[in-house]
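J.: Take a look and give me a structure for this.
(one chain, ligands or ions: 2)
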Amino acid sequence: MATKNKFRTEIEDLIEAGNLRGLLNKAGELHGHHCNYLAYGVIAGLYGIRKLGVSNTGMEEVIAIVETNNCFSDGIQMVTGCSFGNNSLIYRDYGKTAATLAKRDGKAIRLVLNPEFEDSREKEYPEAYKMFDKLVVRREEGSPEDYVKLMTLFAEISAKELNTPVEKMFLIEEKEIEIPDFAPVFESVKCAKCGENVMKSRVAERNGQYYCLPCARETFFELNGSGILQQKCS
Ligand SMILES: [Zn+2]
Ligand SMILES: [Zn+2]
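T.: Ligands and ions are numbered 1, 2, ... in the order given. Modelled structure (predicted):
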């Protein structure tokens, strides 16, 4: 690994040691619970970052392209250090549990959860999947004990999944990709109506004046639990 980043020493030490359990614990701090998809993100993140041999200082020296906004993406973010805030997390709304990690020279690794492996999980952990379906998918009312049980089961599963070899869990492809340019820094302008500062790339211009999208009642894109959707300011 390149010189260690003093702001991420704990994570970089875990990466160097290949300590998946420790990385899962760190990812849990961001994600709020332990679950198997978080573990998959941690495993993919560790594999990719070690293979690329790069230390992330949040200056876009490594980028992660994630193809889903499920639990997996939090594992990727925590381990790789690629986030929305440092512009090194790119989101492609494909709905696949997959991520591509890349260095600025274009050297990249894409990992997608092996469909066979993924499809076999429900059989492996029937109790947990049944509870998940009831409490999360169908949003049926459960007792407080049910929710504790669900969390406990998924934490146990995530710990077990760490023992699965990465090659069995993912289809892995090393490739060269075109790296996007460094994120541009946009000038800020004041909205003529609300007075808030807005990135110039996100204003509507009316009669020579700048308005933020809500004040201009414009459409915008929102990433939410359903993916990226175009919304209209109300
Ligand atoms: Zn989760
Ligand atoms: Zn405004």
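J.: pLDDT wise, what is residue 2 at?
T.: According to the per-residue confidence, residue 2 scores 55 in pLDDT.
J.: Identify the bridge partners of residue 228.
T.: residue 223 (DSSP bridges).
J.: Can you pull the residues of this protein lying near ligand 2?
T.: Taking CB under 5 Å from the ion as the criterion, the neighbours of ligand 2 within the chain are 191, 193-194, 212, 215. The C-beta positions use only the backbone N, C-alpha and C, and glycine is treated the same way.
J.: can we see that at 6 Å?
T.: Near ligand 2, the residues belonging to the chain are 191, 193-194, 196, 211-212, 214-215 when assessed by CB under 6 Å from the ion.
J.: Closest to residue 136 out of those?
T.: Nearest to residue 136 among the residues of the chain next to ligand 2 is residue 214, at 32.0 Å by CB to CB.
J.: quick one: contacts for the closest one?
T.: Applying CB atoms under 8 Å, 6 or more residues apart in numbering, one finds that residue 214 lies in contact with 194, 233.
J.: Same check on residue 202?
T.: 186, 212-213, 220.
J.: related to what we said a few turns ago, right, and the pair among the residues of the chain next to ligand 2 with maximum separation?
T.: Between all members of those, the farthest pair (by CB to CB) comes out as 196 and 211, at 10.4 Å.
J.: in what helix or strand does residue 211 lie?
T.: In this structure, residue 211 sits in strand 209-212 according to DSSP states H and E.
J.: That strand: how far from the chain's middle?
T.: Averaging C-alpha positions (CA atoms, centre = their mean, to the nearest Å) puts strand 209-212 32 Å from its chain's average.
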